[in-house]
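**Q** Give me a model of this one.
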Amino acid sequence: MQHFSWATIEKEVMNEKVWRKVISGQETMVAQIFLTKGAMVPIHQHASEQISYVIEGALKYEVEGREVILRAGEVLHIPSNVPHGALAIEDTLDLDVFSPIRADWLTAKDGYLRRVETTQG
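**A** Numbers count the residues shown, from 1 in each chain. Next up, the predicted model:
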């Protein structure tokens, strides 16, 4: 057993618009992600199943060519290997759960998040 507090987890700055905090077990990972308004997560896909829960703000997701707006208190399930991306339409705090874990996140091989991509709005 391990006990965590988000307050003690190191913040990883991905770029000037996005930061995250990650807690990982062997099979499941959870991450707090903060995106400033206009920040974009480019279309990508991964083997991990993803559950995204918006705590504050709003994200416009593109999932398999469909747009879905996720607001505070709403949850989106993204199946394994489904192309998706997101745009922060407000400053947003999101909680993402992945299974299996995102090894690319733990080894800094997630360049798509480390680039600054924004849109006006």
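**Q** Now do Ala72: how many residues are near it, please.
**A** Neighbourhood size, Ala72 [other C-beta atoms under 10 Å]: 14. Bear in mind the C-beta positions are built from the backbone N, C-alpha and C, glycine included.
**Q** from what I can see it touches Glu56, true?
**A** Yes - counting by C-beta atoms under 8 Å, Ala72 does reach Glu56; the two are 5.5 Å apart.
**Q** so what's the residue lying closest to Pro79 once chain neighbours are set aside up against?
**A** Computed as C-beta to C-beta, 6 or more residues apart in numbering, the closest residue to Pro79 that is not its neighbour in sequence is Glu49, at 6.0 Å. By C-beta atoms under 8 Å, 6 or more residues apart in numbering, the contact list for Glu49 reads His77, Ile78, Pro79, Ser80, Phe98, Ser99.
**Q** from memory the fourth one sits against Ile51, does it?
**A** No - between Ser80 and Ile51 there is no contact, the gap being 11.9 Å when judged by C-beta under 8 Å.
**Q** how about the helices in this structure?
**A** 103-106, 111-114 (DSSP state H).
**Q** do you know which of those helices lies nearest Leu35?
**A** Leu35 lies closest, by C-beta to C-beta, to one member of those: helix 111-114, at 10.2 Å.
**Q** Return the residues in contact with the closest residue in space to Thr28 that isn't next to it in sequence.
**A** With C-beta to C-beta, 6+ apart as the criterion, Thr28 has its nearest non-adjacent residue at 4.7 Å, and that residue is Ser99. Neighbouring residues of Ser99 by C-beta under 8 Å, 6+ apart: Glu27, Thr28, Met29, Ser48, Glu49.
**Q** ok, now Ile33?
**A** Val18, Trp19, Arg20, Leu93, Asp94, Leu95, Asp96 are the contacts of Ile33 under C-beta under 8 Å, 6+ apart.
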